[in-house]
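Novice: give me a model of this one.
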Amino acid sequence: MKFFLVCALEPSANLHLREVLKAYKKEYKEFDLIGIYDESLCEEFNLKSKPLYSSHEFSAMGFIEVLPLIFKAKKAIKELVNLSLTQKIDAILCIDSPAFNIPFAKALKKANSKVKRIYYILPQVWAWKKGRIPIIENHFDILASILPFDEKFFSKSIYVGHPLLDEIKEFKNQDDINNILSKKDDEKIIAFLPGSRKSEIKRLMPIFKDLSIKFKGKKILCVPEFNLKRLNLYGDVSEFEIQTNAPKVLKYVDFAFICSGTATLEAALVGTPFVLAYKAKAIDIFIAKLFVKLKHIGLANIFLDFAGKNELNPEFLQEQVSVENLYQAYLKYDYKAFFDKVSFLKEYLQFASAKNLAKILYEIK
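Specialist: Numbers count the residues shown, from 1 in each chain. Predicted structure coming up:
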């Protein structure tokens with residue numbers, strides 16, 4: 001049985017980790033974990049060990065909210081390095097979260113840890129901080145990429161596929177598309193996905209609630225399962241049907257308004273027409289603009305930029321996020337262009353990643 005040290009700090013990282021563990025269990029049977037991950041994985045996979053830290057302890061958004069976690073992160077890194085030196089660990093799997101995983105990899109190398117290090121979901125050096133490239137390549141043994149264009153920046157990256165192609169079980173077919181195109185506006189089912197973090201919800205939900213009044217059909221508010229116990233974050237939700245499974249919701253609805261994030265790429269791959277809306281703290285946007293030089297912030301649009309294609313969906317940022325702007329974008333939506341680009345996007349990403357990463361974990365020496 002193999003024993004892996006895992007660092008999965010974000011909710012999305014744990015979703016991706018879950019699919020990798022499913023694939024590993026199916027193909028190679030037993031394993032155990034230690035590190036930072038969602039404790040729900042312990043029961044689901046019958047793990048003997050518990051996480052050193054729950055991933056929920058490290059959830060934050062933006063530059064300001066991260067600051068209080070710095071001391072906890074330094075303590076965690078020290079403990080994880082010690083585990084790599086004192087326990088028989090077969091591999092270290094770091095998922096996303098460069099602010100934690102790069103210092104962790106540096107500390108491992110400094111401590112002369114011999115355990116092989118895998119970086120899954122590489123930092124977005126194509127957006128900013130290209131200076132991290134040699135640091136990452138010098139401190140990790142395997143770079144498991146989920147983006148076809150990572151190879152333009154990392155000399156030793158391996159494209160393993162995209163995790164959302166594991167996690168999304170149903171996609172819209174031609175009948176679904178025809179149904180969307182034939183429906184009248186007052187028949188359409190509209191989804192609202194205002195994000196998962198308190199700050200995202202606080203900024204977008206008032207606008208989404210006012211926007212929802214313009215629609216006469218069914219309206220679904222999609223919230224993460226871990227937010228069900230704190231629906232008060234969303235204010236008055238009596239106008240909405242509450243759902244938690246984003247891929248299923250996106251397969252079911254005809255149109256969606258989505259906070260920037262993984263859900264926008266989910267919508268694109270499922271084939272649900274959508275508009276992206278994003279509001280953040282002014283200081284975070286100011287800092288981001290100093291360093292990030294991209295035409296778009298939505299993942300699907302970024303992918304199409306690299307492929308030399310026009311944007312898939314409209315994006316509204318900061319003061320542009322208004323009821324009128326979002327509603328007009330809905331009324332003027334180019335459905336044909338959207339569905340054409342969805343087909344291209346699936347071809348571009350090629351295949352899912354979990355099985356390929358599980359194979360790397362199993363074969364690592």
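
Novice: around Leu5, how many other residues sit close by?
Specialist: For Leu5, the neighbour count with other CB atoms under 10 Å is 25. C-beta coordinates here come from the backbone N, C-alpha and C atoms, glycine included.

Novice: ok, and what's touching the helix or strand containing it?
Specialist: Taking DSSP states H and E as the definition, Leu5 sits inside strand 2-8. Applying CB atoms under 8 Å, 6 or more residues apart in numbering, the external contacts of strand 2-8 come out as 14, 16-17, 28, 30-38, 55, 80, 83-84, 87-97, 100-101, 104, 115, 361-362.

Novice: can you pull the buried residues of the next helix or strand after it?
Specialist: Scanning forward in sequence from strand 2-8 by DSSP H and E, the next helix or strand is helix 11-28. Neighbour-count burial for helix 11-28 flags 11-24 (criterion: 16 or more other CB atoms under 10 Å).

Novice: from the residues you listed, pick the one nearest Met205.
Specialist: Nearest to Met205 among the buried residues of helix 11-28, counting by CB to CB, is Pro11 at 18.5 Å.

Novice: tell me the contacts of the closest one?
Specialist: Going by CB under 8 Å, 6+ apart, Pro11 touches 38, 55, 59, 196, 224, 226.

Novice: circling back: can I have the buried ones of the contacts of strand 2-8 as a ChimeraX selection?
Specialist: ChimeraX command restricting the contacts of strand 2-8 to the buried ones, with burial defined by 16+ other CB under 10 Å:
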select :14,16,17,31,32,33,34,35,36,37,38,55,80,83,84,89,90,91,92,93,94,95,96,97,100,101,104,115,361,362
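
Novice: quick revisit: in helices only, show me the contacts of Pro11.
Specialist: Within these, no residue falls in helices by DSSP state H.

Novice: between those, which has the least confident prediction?
Specialist: Looking at those by pLDDT, the weakest one is Ser59, with 64.

Novice: how about the helices of the stretch 251-365 of the chain, start to end?
Specialist: Using DSSP state H, counting those that start in this stretch, the helices assigned to the stretch 251-365 of the chain run over residues 262-270, 282-291, 299-306, 323-331, 335-349, 354-363.

Novice: what mean pLDDT does stretch 130-139 get?
Specialist: Average pLDDT, stretch 130-139: 92.

Novice: go through that stretch and flag the buried ones.
Specialist: 132-133, 136, 139.

Novice: what sits up against it?
Specialist: With CB under 8 Å, 6+ apart, stretch 130-139 has contacts from 98, 102, 105-106, 108-109, 117, 119, 122-123, 125, 143, 153-156.

Novice: tell me which of the residues you listed is nearest to Pro247?
Specialist: Closest to Pro247, out of all of the contacts of stretch 130-139 and judged by CB to CB, is Leu122, at 23.6 Å.

Novice: domains for the chain, by residue range?
Specialist: Following automatic domain parsing, one finds the domains of the chain at 2-161+351-363, 174-349.
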